[in-house]
Structures are given as C-alpha cells and as structure tokens.
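Visitor: Sharing a model prediction with you, sequence too.
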Amino acid sequence: MLTADSVDCAWTVFKSFVLQITDMHAPLKECKVRGHTIPWLTDELREAMYKRDHLRRLASRAKTADAYSQFRNQRNKTRDMLRTAKREYYETVINDSVKKPKTLWANLKTLLPKSSNSGTQSLLTGGKEVSDPQSMADAFNEFFTNVGKDLAKKFKFTGFPDIKTTCTERFRFKPIGVHEVCKILKGLNVSKAQGADGISGRVLKSAAKELSFPLATIFNYSLLTGTIPGEWKEALVSPVFKDGDRQDTSNYRPISVIPLV
C-alpha cells in the first residue's frame, strides 16, 4: 500500500486486506432472529400466561361452565397484570430519561403506531408506468440527481458580491496523525450502516489500533495529491416515501449511506 501509484490503488489494497481478514475471522452467517423481547414480561407474568393457556385448553376439552369460568377469570387477571406491568415500565423509563431527549424519544417511539414507509410496485415516469426494478431505480436516480438543478432554475442568479478583502494568511492542510485517526475510530457508532465498501463500523472500531496507521497514510496521501478514492464518493441511496401518490418520484426523499471511512 505504501508503494501504491494512486490513492485509489492504496484504498483498494487496504479494503481488500480488511475484508479478507474479516471474512476469515468473522464470516457472515445466516441465523433466525426471534421477535423483539418484551422488557416488562417478568417470570410472574409468564407463569400467569402459562396458567391462562392451560385453563383454556382444559375448558376446550371439558366444555363445562365451571371450566370456562376459571379460564375467563385467569384471562382477565393476566390481562390486568400485563397492562399494569407495561404502564409501570414506561413510567419508570420515561422518568429516568427526562433529561436525555434522545433516549426519551427512542422509548416514546415504541408506543407510537408505526408509519408505513414501504415503497411501491410501480412508478410513473415520462408518462409511462414502469414496474421492473432497474427501470424504477433509473427513475429515482433521474429525479434525485436533477432535483437540485431544477430547483436552482427557479432562482435568478445576480452574481457574487464584490468583496474587497485581502487575505494575508495562507491556508494549508496539516498532516493527519495516527493517534488522531485511532481516537476517531474508537469513537465510531457501530450501529451505523456500512457503505458500498462493505467495511462495518464494528470492524473499524475493534481494530482501531491496527487500522489507524494505514488509514492515516491514505488520508495524508489524499491530501498530498488532492484526490479522493472514487468509492468514497459512492453512496447507497434508498428512496423513503413521504406522502401523497406512491407512484410519483417527487414524493420520495433519498437516504444516502456513504462509507464510514
């Protein structure tokens, strides 16, 4: 990597090495994911739910008024216990996070009905309806890349103001230190999605000490040559529906995921 002819070449060597090591020691595996756990579900509640289900099966077999009465009583008792436990849980969580807006909002969102941001099976573009994935992707790409230009045409540019100021200082980039890179890598949020390079935040953070030197070398090489690896300019763009007609591309906003590096 130190003898690479360009920043792109240096980045390609670095990325290939990191992905190879990652696949060797932390390969991707498919696994079944259970539903979200219920934080207020205690052992006492589980026992009450088990008893409720047991009495329901007995009542279904016995078909007697007494059996159905026992089941209904246990069902109502279990329902009240669940409601009380859920209310007390959220009261405690909200009170504990009053001074933490981010945590408070995250907890409140679990109580709010989830809005549907799912896309559409077809789009209207150029007066025609398209439904195949490639054509839909092209339609979104065409709209997202031209929306800025179309908006700029609505404003009249009168030129830049005449600024009569003389700059007496010269600007230049300072070399990026290895310790600075290491500190930033250790502070990465591992929940952030990985970009087109395929390198996750968890890998960068876990191997911060080992990766800080080659990354600092690439950063400084980029500053020295005035070039940026082409892959750093690429983004994974997802159209997120806002409101209105789902077949209209203007009713979507782009969410871009760029490489964490």
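Guide: In hand now; what should we look at? All figures in this text were calculated on a predicted structure; none of them were measured in a lab. Residues are numbered from 1 along each chain as shown.

Visitor: Can I get the helix or strand hosting residue 151 as CSV, trimmed to CA atoms?
Guide: Assigned by DSSP states H and E, residue 151 belongs to helix 133-152. Extracted C-alpha coordinates of helix 133-152, given in CSV (Å, rounded to 0.1, in the frame of the first residue of the first chain):
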residue,chain,number,x,y,z
PRO,A,133,-36.6,-2.9,-10.5
GLN,A,134,-34.0,-1.5,-12.9
SER,A,135,-36.4,1.0,-14.6
MET,A,136,-37.7,2.1,-11.2
ALA,A,137,-34.1,2.6,-9.9
ASP,A,138,-33.3,4.6,-13.0
ALA,A,139,-36.4,6.8,-12.5
PHE,A,140,-35.5,7.5,-8.9
ASN,A,141,-31.9,8.2,-9.9
GLU,A,142,-33.0,10.6,-12.6
PHE,A,143,-35.2,12.5,-10.2
PHE,A,144,-32.7,12.7,-7.3
THR,A,145,-29.8,13.8,-9.5
ASN,A,146,-31.8,16.6,-11.2
VAL,A,147,-33.9,17.9,-8.3
GLY,A,148,-31.2,20.4,-7.3
LYS,A,149,-30.7,21.7,-10.8
ASP,A,150,-34.5,22.1,-11.3
LEU,A,151,-34.7,24.0,-8.0
ALA,A,152,-31.8,26.3,-9.0
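
Visitor: Any buried residues in it, and which?
Guide: The neighbour-count check on helix 133-152 (16 or more other Cβ atoms under 10 Å) flags 136, 139-140, 143-144 as buried. (Glycine included, C-beta is placed from N, CA and C.)

Visitor: what about stretch 230-238, start to end distance?
Guide: Distance across stretch 230-238, first residue to last, is 20 Å (Cα to Cα, to the nearest Å).

Visitor: Same question for stretch 92-108.
Guide: Start to finish, the residues bounding stretch 92-108 are 12 Å apart (Cα to Cα).

Visitor: cool, and stretch 165-173?
Guide: Stretch 165-173 has an end-to-end distance of 22 Å (Cα to Cα).

Visitor: number of nearby residues for the residue nearest to residue 215 when sequence neighbours are not counted?
Guide: Distance criterion Cβ to Cβ, 6 or more residues apart in numbering; nearest residue to residue 215, sequence neighbours excluded, is residue 181 at 5.3 Å. By the criterion of other Cβ atoms under 10 Å, residue 181 has 21 neighbours.

Visitor: for residue 103, same thing?
Guide: For residue 103, the count of nearby residues is 14 (other Cβ under 10 Å).

Visitor: so it touches residue 95, yeah?
Guide: No: with contact defined as Cβ atoms under 8 Å, residue 103 does not count as touching residue 95 (11.7 Å).

Visitor: Could you identify the helix or strand that succeeds the one helix or strand residue 181 maps to?
Guide: Assigned by DSSP H and E, residue 181 belongs to helix 178-186. Downstream of helix 178-186, the next assigned helix or strand under DSSP H and E is helix 201-206.

Visitor: From the contact counts, what lies against that following helix?
Guide: Counting by 3 or more Cβ pairs under 8 Å, 6 or more residues apart in numbering; DSSP states H and E, the packing neighbours recorded for helix 201-206 are helix 178-186.

Visitor: Okay then, goodbye and thanks.
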